[in-house]
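K.L.:
would you be able to build a 3D model of this:
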Amino acid sequence: METTPESATSNVKSTETNSSTDTNLEKEVTSSTTLPKDPIVPTLMFLGVILATLSVIVLGYFKGNMHLFTTLKAVREFYS
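P.N.:
Next up is the predicted model:
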């Protein structure tokens, strides 16, 4: 039977001392982390959002005839 190694963050254990005064036992608290099992999916989603944002900006420049020099000229005329 093959065993798969567990990652260091898959099962976090901590100990707390018991607050009652009659015993001095420690209780074990386990909690799992919220890290995704496959970190490539959120990364690809993030890159997709950035790509979509940049493509809207670029399309706005060409489709809306907002080239760099046109934009700078309009800003200069606005502040003059």
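K.L.:
mean pLDDT per helix and strand in this structure: which one sits at the bottom?
P.N.:
strand 12-17 (a mean of 55; mean pLDDT, DSSP states H and E).
K.L.:
please tell me how far Phe46 sits from Thr53.
P.N.:
11 Å (Cβ to Cβ, to the nearest Å). Every residue, glycine included, has its C-beta placed from N, CA and C.
K.L.:
got it, and Leu44?
P.N.:
15 Å.
K.L.:
one more: Tyr79?
P.N.:
Applying Cβ to Cβ to Tyr79 and Thr53 gives a distance of 27 Å.
K.L.:
between these two, which one's more packed in?
P.N.:
A count of neighbours by other Cβ atoms under 10 Å puts Thr53 above the other of Tyr79 and Thr53, at 10 against 5.
K.L.:
kindly state the pLDDT recorded for the more buried one?
P.N.:
Thr53 is assigned 93 on the pLDDT scale.
K.L.:
confirm it sits in a helix?
P.N.:
Yes: with DSSP: H, G, I helix; E, B strand; the rest coil as the criterion, Thr53 is assigned to a helix.
K.L.:
run through this protein and note the low-pLDDT ranges.
P.N.:
In the predicted model, the chain carries pLDDT under 70 at residues 1-33, 36.
K.L.:
please enumerate the strands of it.
P.N.:
For the chain, the strands defined by DSSP state E cover 12-17, 26-31.
K.L.:
for stretch 40-59, list every residue counted as buried.
P.N.:
Buried residues in stretch 40-59, counting neighbours by 16 or more other Cβ atoms under 10 Å, are absent.
K.L.:
and it, C-alpha only, in CSV?
P.N.:
Below are the C-alpha coordinates for stretch 40-59, written out as CSV (Å, rounded to 0.1, in the frame of the first residue of the first chain):
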residue,chain,number,x,y,z
ILE,A,40,-2.9,27.1,-10.0
VAL,A,41,-6.7,27.7,-10.4
PRO,A,42,-6.9,31.0,-8.4
THR,A,43,-3.7,32.1,-10.1
LEU,A,44,-5.1,31.6,-13.5
MET,A,45,-8.3,33.3,-12.5
PHE,A,46,-6.3,36.3,-11.3
LEU,A,47,-4.3,36.5,-14.5
GLY,A,48,-7.6,36.2,-16.5
VAL,A,49,-9.0,39.3,-14.7
ILE,A,50,-5.9,41.3,-15.3
LEU,A,51,-5.9,40.3,-19.0
ALA,A,52,-9.5,41.2,-19.4
THR,A,53,-9.0,44.6,-17.8
LEU,A,54,-6.0,45.4,-20.0
SER,A,55,-7.8,44.3,-23.1
VAL,A,56,-10.7,46.6,-22.3
ILE,A,57,-8.3,49.5,-21.9
VAL,A,58,-6.5,48.7,-25.2
LEU,A,59,-9.8,48.3,-27.1
